[in-house]
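Colleague: mind folding the following:
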Amino acid sequence: MSHEIAALLMFIFTILLIIVGCHIAWAMGGVAMIFGFLFLGNATFYQCALSVYSIVISYEFVAIALFIVMGTLLQRTGMADRLFEVLHLLMGGLRGGLAVATIIICAIFGACTGIAGASVVTIGLLAYPAMMRSRYNHGLISGCICAGGGLGVIIPPSIVIIIYGPNAGVSIATLFTASIVPGLLLSFLYILYIIAKCYLNPEMGPPLALEERSAVSKMELLRKIAINLIPTMFLILAVLGSIAFGIAAPTEAASFGAIGSLLLCAVYRRLNWESFKLAMLDSTKITAMVVFICLGAKIFTNIFLSMNGGKLIQSFFTEMGLISPTWVLIGMLGLNFILGCVFDWIGIIFMLVPLCVPIIQKFGFDPIWFGVIFCIVLQISYMTPPFAYSIFYFRGIAPPEIKLSEMYIGGIPFVIIQVIAVAILIIFPEISLWLPRILK
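Modeller: Got it, this is the predicted structure:
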C-alpha cells in the first residue's frame with residue numbers, strides 16, 4: 001500500500017473514531033502513531049517527540065491560558081451579570097431589545113473569553129430568563145444566544161485565531177486587527193435582522209414592560225453605565241488596542257488582561273477565595289483540554305504530511321484544470337464546514353490549515369483574509385447538524401419549554417446571515433485587510 005493511500009485511510013479512521021465518541025486528542029494522536037509506526041517505522045517516535053516539543057515551547061499557549069483566565073474571572077465573579085443588567089435596561093424599550101442586548105453582551109464577552117462554548121453557556125444563563133419573562137419567541141431566544149455566543153470565534157482575542165496564526169505562518173496581531181471589522185459586521189447584521197424581524201412581527205420580541213423600565217431612574221441608569229459598563233469596556237479595548245497598535249505582543253496583552261480583570265473584580269469587591277478558586281479550576285480544565293487536543297492534532301498533521309497526505313490533497317485541487325481559484329477557495333471552505341460539523345475546532349485548524357494555506361497562496365489568495373473567512377465558516381458549523389455544538393451547549397442550560405426543534409429552526413436565519421457575511425468578505429476582501437494595512 002502506498003503512503004498516500006495510507007494517509008487517506010488514516011484520515012478516514014480518525015473521523016470514524018470521533019463519530020463513535022472517542023476523544024479527539026486520543027483519536028488523532030493514536031491513529032497517527034499506529035499508521036506512522038506501520039509505514040514510517042521508528043521515525044514516528046521522533047516525529048511525536050518533536051510535535052510535543054513544538055507545542056510545549058510555544059508562546060501562543062501562554063496567551064491562550066491568560067485570555068481564558070481573563071474570561072473565567074469575569075464570569076465567576078459576576079462581572080458579566082453586571083454588563084447584561086445595564087444593557088438589559090438600555091435596550092429593553094425596543095422591540096427585540098433584549099435579543100439586541102444579548103448580541104452586544106455576547107460580542108463583549110466574546111472579546112473576553114475567545115471561546116464560543118463559554119459565551120453560549122454564560123450569556124445563555126443571563127439572557128434566557130429575561131426573554132422568557134417577556135414572552136420572546138423561543139426560536140429567536142435560541143438563535144440569538146447560539147449565534148451571539150459564536151462571535152467569540154471571530155472577535156479578538158479569539159483563541160481560534162491564536163491557534164490559526166502559527167499554523168498558517170502569519171502574525172497573530174495582524175489576524176486580530178483583520179478580524180475586528182468582520183466581527184463587528186457580523187454583530188451588526190445580527191442586530192439588524194432582530195430589529196427588522198421584531199418590527200414586522202412584534203410578538204417575536206415585545207419591548208420590556210414600562211413598569212420595569214421606569215423602576216430605574218435616568219441618574220441611576222447613568223451610574224450603572226459608568227460603574228458596570230465603561231470599566232470593563234475600557235479593559236477590553238485596552239487589551240485589543242495594545243495588540244492592534246503594536247504596543248504589546250498578544251502574550252503581553254493577555255497578561256495585562258488577566259491582571260486587569262483580577263484588579264477590576266477586586267475593586268468591585270466581587271473577588272473572594274471561592275470565586276477565584278473556581279475561576280482558576282475552570283481555566284486549568286479549559287487550557288488542559290486545548291493543549292491535549294493540540295498535541296494529538298499536531299502529531300496527526302506531522303505524520304499525515306510525512307506520508308504525502310498534503311501532496312495528495314494539493315494535487316486534487318491543482319491538477320483539475322477546469323477549476324478556477326474561486327472554486328478552489330469554495331472547496332477549501334466547504335471542507336472546513338463539513339469537518340466542523342464533526343470535529344472539534346482545534347483539530348480542524350491543525351489538520352486543515354497547514355494543508356490549505358499553501359494551496360490558497362499558490363492561487364494568489366491572502367492568508368490573513370482567508371484566515372478571517374475560515375474562522376467565520378468554522379462558526380457556521382457550530383449551528384448546523386449533525387452536532388451543532390452551540391445548540392448542544394444551550395440545550396444543556398435551556399428550560400424544557402424550549403424544544404430542540406425550535407433551537408434548530410431559530411438558528412436558520414442566523415446561519416443565513418453568516419453565509420451572507422462570508423460572501424461579502426469574499427467579494428470585498430478589503431473589509432478585513434484595510435485596517436491591518438493602515439496600522440502596519
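
Colleague: just give me the neighbour total for Lys362.
Modeller: Residues lying near Lys362 (other C-beta atoms under 10 Å) number 13. Placement of C-beta: from N, CA and C, glycine included.

Colleague: who does the helix or strand containing Leu221 touch, helix- and strand-wise?
Modeller: Assessed by DSSP states H and E, Leu221 sits inside helix 218-224. Counting contacts by 3 or more C-beta pairs under 8 Å, 6 or more residues apart in numbering; DSSP states H and E, helix 218-224 is packed against helix 79-91.

Colleague: could I get the average pLDDT for the helix it packs on?
Modeller: Averaging pLDDT along helix 79-91 gives 74.

Colleague: same thing with stretch 369-389?
Modeller: Mean pLDDT, stretch 369-389: 81.

Colleague: just the CA coordinates for it, please, in CSV.
Modeller: Taking Å, rounded to 0.1, in the frame of the first residue of the first chain, the C-alpha atoms of stretch 369-389 are listed here in CSV:
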residue,chain,number,x,y,z
TRP,A,369,-8.0,37.3,4.6
PHE,A,370,-8.5,33.5,4.2
GLY,A,371,-8.0,33.1,8.0
VAL,A,372,-10.8,35.5,8.8
ILE,A,373,-13.2,33.7,6.4
PHE,A,374,-12.0,30.3,7.7
CYS,A,375,-13.0,31.3,11.2
ILE,A,376,-16.4,32.5,10.2
VAL,A,377,-17.1,29.3,8.3
LEU,A,378,-16.0,27.4,11.4
GLN,A,379,-18.5,29.4,13.4
ILE,A,380,-21.3,28.4,10.9
SER,A,381,-20.6,24.7,11.6
TYR,A,382,-21.3,25.4,15.3
MET,A,383,-25.0,25.8,14.5
THR,A,384,-25.6,23.2,11.8
PRO,A,385,-26.3,19.4,12.2
PRO,A,386,-25.3,16.7,13.0
PHE,A,387,-23.5,18.1,16.1
ALA,A,388,-24.2,21.9,16.2
TYR,A,389,-22.0,22.5,19.3
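
Colleague: so how far is it from its chain's centroid?
Modeller: Taking C-alpha atoms, centre = their mean, to the nearest Å, the mean C-alpha location of stretch 369-389 is offset from the chain mean by 9 Å.

Colleague: so which residue is dead centre in the chain?
Modeller: Val153 (1.8 Å; C-alpha atoms, centre = their mean).

Colleague: I figured that one hits Tyr382, correct?
Modeller: Yes: applying C-beta atoms under 8 Å as the test, Val153 and Tyr382 come out as touching, 7.4 Å apart.

Colleague: one step back: not counting sequence-adjacent ones, nearest residue to the residue nearest to the centre of the chain?
Modeller: Leaving aside its sequence neighbours, Val153 sits nearest to Gln379 (C-beta to C-beta, 6 or more residues apart in numbering; 4.4 Å).

Colleague: what sits against the one you found?
Modeller: Ala116, Gly150, Leu151, Val153, Ile154, Gln418 (C-beta atoms under 8 Å, 6 or more residues apart in numbering).

Colleague: run a quick neighbour tally on Cys356.
Modeller: For Cys356, the count of nearby residues is 27 (other C-beta under 10 Å).
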